[in-house]
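Undergrad: Generate a structure from the sequence data that follows.
(chains A and B)
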2 protein chains.
Amino acid sequence: MLYLIGLGLSSVEDITVRGLKVVQKCARVYLEAYTSILMAASKEDLESFYGREVILADRELVESSSGTILDGADRVDVAFLVVGDPFGATTHTDLAIRARSLGIPFEAIHNASIMNAVGACGLQLYNFGQTVSLVFFTDNWKPDSFYDRIKENRKIGLHTLVLLDIKVKEQSFENMARGRMIYEPPRYMNIETAASQLLEIEDFRNEKVYTTETPCVSVSRLGSSAQKFVAATLGELAEIESGEPLHSLVILGHRIHEMEIEYLLEFATSKTKYQRAVEAELEAAKAMHPPAQVEEAED
Amino acid sequence: MLYLIGLGLSSVEDITVRGLKVVQKCARVYLEAYTSILMAASKEDLESFYGREVILADRELVESSSGTILDGADRVDVAFLVVGDPFGATTHTDLAIRARSLGIPFEAIHNASIMNAVGACGLQLYNFGQTVSLVFFTDNWKPDSFYDRIKENRKIGLHTLVLLDIKVKEQSFENMARGRMIYEPPRYMNIETAASQLLEIEDFRNEKVYTTETPCVSVSRLGSSAQKFVAATLGELAEIESGEPLHSLVILGHRIHEMEIEYLLEFATSKTKYQRAVEAELEAAKAMHPPAQVEEAED
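TA: Alright, predicted model coming up:
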C-alpha cells in the first residue's frame, strides 16, 4: 500500500495521530522535499520524532516512472510524506495515477494546507477565487499568466491567494551546462519580492487589474509560532521586511464582508490608511458595476 | 488561552499530535456540533480517545456574546474543537473576534477540511473558483444565489465545489411556535437531493448555466474508509443512491486538464459517457469563446 500523508504546515507535531501511526508501520518513508518545506522541522527532526529513517525525495526520484518509490508497494507499506495536504501539487496526483496503473492500492491521509489554513487571516474561504502561483522572475523570463487569473477573480470581486515560488536544489545555468551536480542555496520568495513582481507586471500589462493602492494581506509562516499577517496596500507590501519563509499573499476582492474587514484591521500597518484603501476598492467596484436603474435622464 | 482546534474529516485519530496534546491540557473542551459532524466518531468516542470530558456546543452557546465558552479563558486554557479546519465557518471567525475584543489570546491548530481535501477526487485545487453552499429547499423557500456564483465560475471555466446543507438540532415550525424544545432528527443532504435541487433552479432560472449533461463528481464520506467518488453527469447524479453522509458535489469547468480527466474516469459510472460529456463541455466552451481570428469572411 502507498500512503500519501500530509504533514500540515509547520512542526513535526502537525502530523495527524493516524498519519503518525501509519508512518511508524511503513517499510519505507519518503519525504517530498521540493514543492514545499516544513518550516520548523528538518529531516533529522522528523526522523527523531518518528523513530524512523526518512528518505529525501527530490523531483527526479518522484517523477521517474520506473521510480524506486513504488517498488514493492504492492507487498509492503510505503509512506510518501508531503508538506501540507497530499493533493496540493500536481506531481502527487501523478504519483497516485502511476500507483493505480501498477495495481498498487493507495490511501491519502489529509492535513491542513495553505489552501484552507489561509482562512486564519480572517478572509472567508468562500470569497476566494482561483489560486495563482508566482515564480521568481529572471531578466528574460517573466511569466505573467497569473495576471489574467487575478483579473478574472477581481472582476467578480473575489480574493486571490498568491502562492510564492520556492527554489530547492536548483542548478545555475553554468553548472547545468557543464553537468556539475552543484546546487544553489534554496530560495523562498518573500512578500516584498512578490509585491514588486506583481506591480512590475501591472506596469507592463497596464490593464489596471490592481495598483499600488490595492488592499492586500501578507501571510507569513502560517501555522508556526512566528506566524504573522500584515494588512497593507500592495505598494506598502513591496517595501516591508517579511522575514523568514514561507510566505503567501492575498489580494482582496471588492465582495469583501464587513466582518472580514474588521478582522483584517487588527493586522493593518495603519488602520486609517487600510480602511481608506478598502473603501476606495468598494467605490471603484460600484463605479464599474453601477446598480441597475439609478441613471437619471439628461433632461 | 483559547485554542481553536481542527479535527479533520472523519475519525478521532484525524486530530494532529499537537492538537491532541493541547486538548489534554485544557481546562474545558468544547465540540462545535452544528456546522458539521465527524463522520466516524461520536462525542463519547472523542471523550474516550482524549480521556477528557467533551462539552457539546450548539449554535446558541457558541453565538451568545456573554458565552460561557470564553469565561475565564484569560486565565485557563479552553479548547474549541471544530470538524475540518477552525476557519471553515464564519461563526468561528466571529468567536475569534470576540476573544480578541476581550483580550483573550487565541491560537488555531489547523487541519484538513473539505476545502482542500476535495483535491483527492483528482481535480486540481487551483482550477476551482468560489465555493458555494446549497441549503435544503422547502415548498416556499428556495434560495438560489448559488446559481449566480456557479455561473461566474463556469464562465471562466472553473470547477465549483458545492457544500451541502446539514440540519442539526432544528425545530419544526410547530414546536418552535409552541416553544417546545423538541428537535427534529438530524438531516444531511445527499447527492441525489443536491443534484435535483440544482436542476430545479436551472429549470426556473433557465440561463443554461448547467444542464443534466454537465459533468460532475460526487464526493462522499471524504477521508473515511467508506470514501467514494462518482464521476457522472448532473442528471445521472440526481438518480444515484449516495448512501451515508457527508457528501459534497463538484461541477466541472471547461478549463479542465487532461490529467484531471484521466483521474476522474476511474470513478465514472460509464467511462464512454463521461468522456463524451466532458468533450461536449469543451466544445460548448470553444463555441462560446471562439479563438481569435479564425472567422472567415462570407465572400
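Undergrad: and the closest residue to A:Arg187 other than its chain neighbours, what pLDDT?
TA: Leaving out its chain neighbours, the residue that sits closest to A:Arg187 by C-beta to C-beta, 6 or more residues apart in numbering or on different chains is A:Lys167, at 4.4 Å. To be clear about C-beta, it is placed using only N, CA and C from the backbone, and glycine gets the same treatment. On pLDDT, A:Lys167 comes in at 89.
Undergrad: could you list every residue that touches A:Gly72?
TA: A:27, A:78 (C-beta atoms under 8 Å, 6 or more residues apart in numbering or on different chains).
Undergrad: Does it belong to a helix, a strand or coil?
TA: Recorded secondary structure, A:Gly72: coil (DSSP: H, G, I helix; E, B strand; the rest coil).
Undergrad: nearest residue to A:Lys228 other than its sequence neighbours?
TA: A:Ser220 (4.5 Å).
Undergrad: hang on, the earlier thing: can you read off the backbone torsions of the residue nearest to A:Arg187?
TA: Backbone torsions of A:Lys167, given as degrees, to the nearest 10, read phi -120, psi 110.
Undergrad: Just confirm the residue nearest to A:Lys228 contacts A:Glu241, I think it does.
TA: No: contact between A:Ser220 and A:Glu241 fails when scored by C-beta atoms under 8 Å: they sit 10.5 Å apart.
Undergrad: need the helices for chain A, in chain order.
TA: A:17-25, A:43-50, A:59-63, A:90-101, A:114-117, A:145-155, A:173-177, A:191-205, A:234-237, A:258-265, A:271-288 (DSSP state H).
Undergrad: Most tightly packed of the ones you listed?
TA: helix A:114-117 (a mean of 28; mean count of other C-beta atoms under 10 Å in any protein chain shown).
Undergrad: Pull the number of nearby residues for the closest residue to A:Ala41 other than its chain neighbours.
TA: Closest residue to A:Ala41 apart from its sequence neighbours, by C-beta to C-beta, 6+ apart: A:Val12 at 4.6 Å. For A:Val12, the neighbour count with other C-beta atoms under 10 Å in any protein chain shown is 20.
Undergrad: hey, where'd the strands end up in the stretch 101-250 of chain A?
TA: Per DSSP state E, counting those that start in this stretch, the stretch 101-250 of chain A carries strands over the ranges A:106-109, A:132-134, A:160-164, A:166-167, A:187-188, A:215-220, A:228-233, A:247-251.
Undergrad: With chain B in mind, check whether the last one reaches it.
TA: Same thing as strand A:247-251. No: using C-beta under 8 Å from any C-beta of the partner chain, strand A:247-251 stays clear of chain B, with a minimum separation of 13.0 Å.
Undergrad: Now that strand: average pLDDT?
TA: For strand A:247-251, the per-residue pLDDT averages 98.
Undergrad: what angle separates that strand from strand A:215-220?
TA: Counting by axes from the mean of the first three to the mean of the last three C-alpha atoms, to 10 degrees, strand A:247-251 lies at 160 degrees to strand A:215-220.
Undergrad: contacts for strand A:247-251?
TA: A:114, A:118, A:121, A:123, A:150, A:153-154, A:159-164, A:188-191, A:194-195, A:198, A:210, A:214, A:216-222, A:234, A:237.
Undergrad: repeat for the second one
TA: The list of residues contacting strand A:132-134 from outside it, by C-beta under 8 Å, 6+ apart, reads A:146, A:149-150, A:160-165, A:189, A:194, A:197-198, B:126.
Undergrad: ok, now with 6 Å
TA: A:146, A:149, A:162-164, A:194 (C-beta atoms under 6 Å, 6 or more residues apart in numbering or on different chains).
Undergrad: The fourth one too?
TA: With C-beta under 6 Å, 6+ apart as the test, strand A:166-167 has contacts from A:187-188.
Undergrad: Sheet partners, orientation included, of that strand?
TA: strand A:187-188 (antiparallel) (DSSP bridges).
Undergrad: Give me the contact list for the partner strand.
TA: By C-beta under 6 Å, 6+ apart, the list of residues contacting strand A:187-188 reads A:166-167, A:245-246.
Undergrad: ok, A:Ser220 and A:Glu241, which is more surrounded?
TA: Neighbours per residue (other C-beta under 10 Å) separate A:Ser220 from A:Glu241, with A:Ser220 holding more: 22 against 7.
Undergrad: Specify the beta-bridge partners of the more buried one.
TA: Beta-bridge partners of A:Ser220, as defined by DSSP bridges: A:Lys228, A:His247.
Undergrad: For it, give its distance to A:Glu192.
TA: 11 Å (C-beta to C-beta, to the nearest Å).
Undergrad: Also A:Glu63?
TA: According to C-beta to C-beta, A:Glu63 and A:Glu192 sit 32 Å apart.
Undergrad: Pull out the buried residues from the contacts of strand A:187-188.
TA: Buried members of these, scored by 16 or more other C-beta atoms under 10 Å in any protein chain shown, are A:166, A:245-246.
Undergrad: Can I get these in JSON lines including distance to A:Lys271?
TA: Formatted as JSON lines, those follow (distance: C-beta to C-beta, whole Å):
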{"residue": "A:Ile166", "distance to A:Lys271": "32"}
{"residue": "A:Pro245", "distance to A:Lys271": "27"}
{"residue": "A:Leu246", "distance to A:Lys271": "27"}
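Undergrad: Just the closest of the residues you listed to B:Tyr263, please.
TA: Comparing the buried ones among the contacts of strand A:187-188 against B:Tyr263 with C-beta to C-beta places A:Ile166 closest, at 25.3 Å.
Undergrad: Low-confidence regions, chain A specifically.
TA: Applying pLDDT under 70 to chain A flags the ranges A:65-67, A:290-299.
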